[in-house]
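Trainee: Predicted model follows, preceded by the sequence.
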Amino acid sequence: IRDRYKIASNSSLANYSFYLGATNSNSAEVKKLDPKLICGVKIFMGSSTGDMLVDNETTLEDIFRNSPTLITTHCEDDVLVKGNLDKFKSEFGDQLTAAYHPLIRSEQACFNSSSKAVDLAKKTGARLHVLHISTAKELSLFRNDIPLKQKKITAEACIHHLWFSDADYEEKGNFIKWNPAIKTAADRDAIFKAVVDGRIDVIATDHAPHTIEEKSLSYLAAPSGGPLVQHAMLAMLDFYHQGKISLEMIAQKMSHNVADLYQIDRRGYIKEGYFADLAIVNLDKHHTVDKSNILYKCGWSPFEGHTFGASVVKTIVSGNLVYDVGELIDGHWGQRLEFQR
């Protein structure tokens, strides 16, 4: 982790921290963690990235019971997902398309895993944050009757689960293939309602900039994930223009609550003595996404062709101007986040 911090200090335009990724064999490392060193421990309760699936029941409970810091979970029931995949592969073989992704990585697979994580947190007293909620059914697991700082169990929504639905697979295919899968319009709308009413605490991106070549492979071969950081604010400002959410709530869900939830030191608010991390926007200047203005090294965006109603004019990170009217400014790097724990 210290080696990663050193690399980031010389290359990251954004402020940064890292999770420790839990496995079936490193629970001893989790117990030894300095809670001020990292943002949290991440557990893949469904296989999504390499060999990081944690499916040993004893190990799971051990991590939940003994982690000295926040636990975050990617929740999909691996057994159910694999069963669904085998079923559809036997029926369609190589003809499977991304349209089947939300049926393979199904609503029930998400709920089974999320509810298991919540039950474990209640049993052990762990501080749990459930990542990228993708179904309406999961929302029953979370509460909005107490302030965020009093919650032991919190949840996140991602931009793509607030924007897209399964109707978009026909046009965008693998380019909106994420884990957990984008599901129905009803799921999307319910998640947005939960953001507004406080059951969902923060809005994030699940940014994964796979190449065009990778995403152009067949459904079974193409990796899940996509680039979202550059256009996340613009997407939320479109929702503001549509009257779905206030500017104050966007700041709360994307900044204030993130800092509070992760106990980040002196960030997330505009206050004297805090670091200046600011996005300056023009609410009335339209921005059309195309190849010429995409800043991702992977060179594509699921929003290509869309015209947003607002533009980001400048971005200031830790007091330094790093983005100015379409141009990234080299020479200033983000800082390592520190935690008040």
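Mentor: It's in.
Trainee: Only C-alpha atoms from now on, for both contacts and neighbour counts.
Mentor: Will do.
Trainee: Can you verify my assumption that residue 302 contacts residue 175?
Mentor: Yes: here residue 302 reaches residue 175: they are 6.2 Å apart, a contact under C-alpha atoms under 8 Å.
Trainee: got the contact list for the residue nearest the centre of the chain?
Mentor: Taking C-alpha atoms, centre = their mean, the centroid of the chain lies closest to residue 206, which sits 3.3 Å from it. Contacts for residue 206 (C-alpha atoms under 8 Å, 6 or more residues apart in numbering) come out as 132, 158, 225, 226, 228.
Trainee: Mind checking which of those land in strands?
Mentor: residue 158 (DSSP state E).
Trainee: Same list (the contacts of residue 206) but as CSV, adding pLDDT and distance to residue 280.
Mentor: Formatted as CSV, the contacts of residue 206 follow (pLDDT from 0 to 100; distance: C-alpha to C-alpha, whole Å):
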residue, pLDDT, distance to residue 280
132, 97, 26
158, 98, 22
225, 97, 28
226, 97, 25
228, 97, 18
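Trainee: now the contacts of residue 206: which count as buried?
Mentor: 132, 158, 225, 226, 228 (16 or more other C-alpha atoms under 10 Å).
Trainee: Angles on the backbone of residue 97, please.
Mentor: phi -120, psi 170 (degrees, to the nearest 10).
Trainee: would you list every one of the helices in the chain?
Mentor: Remark: helices assigned in the chain by DSSP state H are 2-9, 27-31, 57-66, 78-92, 101-104, 107-124, 159-163, 169-172, 185-197, 212-215, 232-241, 247-251, 257-262.
Trainee: now the angle from the longest one to helix 185-197?
Mentor: The reference is to helix 107-124. 30 degrees (axes from the mean of the first three to the mean of the last three C-alpha atoms, to 10 degrees).
Trainee: tell me what helix 107-124 is packed against?
Mentor: Here helix 107-124 touches helix 57-66, helix 78-92, strand 128-130, going by 3 or more C-alpha pairs under 8 Å, 6 or more residues apart in numbering; DSSP states H and E.
Trainee: buried stuff in it?
Mentor: 107-115, 117-118, 120-121.
Trainee: Out of those residues, which two are the most distant from each other?
Mentor: 107 and 121 (21.1 Å; C-alpha to C-alpha).
Trainee: which residue sits closest to residue 141 in space, ignoring its chain neighbours?
Mentor: residue 115 (6.8 Å; C-alpha to C-alpha, 6 or more residues apart in numbering).
Trainee: Neighbours of residue 26, how many?
Mentor: Residues lying near residue 26 (other C-alpha atoms under 10 Å) number 13.
Trainee: one step back: out of the helices and strands packed on helix 107-124, which is closest to residue 40?
Mentor: strand 128-130 (9.6 Å).
Trainee: and the gap between the residue nearest to residue 298 when sequence neighbours are not counted and residue 33?
Mentor: Of all residues not flanking residue 298 in the chain, residue 211 sits nearest, at 4.9 Å (C-alpha to C-alpha, 6+ apart). Taking C-alpha to C-alpha, to the nearest Å as the measure, residue 211 falls 34 Å from residue 33.
Trainee: Over to residue 98?
Mentor: Residue 98 is 39 Å from residue 33, by C-alpha to C-alpha.
Trainee: who's more crowded, the two?
Mentor: residue 98 (24 against 16).
Trainee: correct me, but the more buried one touches residue 221?
Mentor: No: counting by C-alpha under 8 Å, residue 98 stays clear of residue 221, with 10.9 Å between them.
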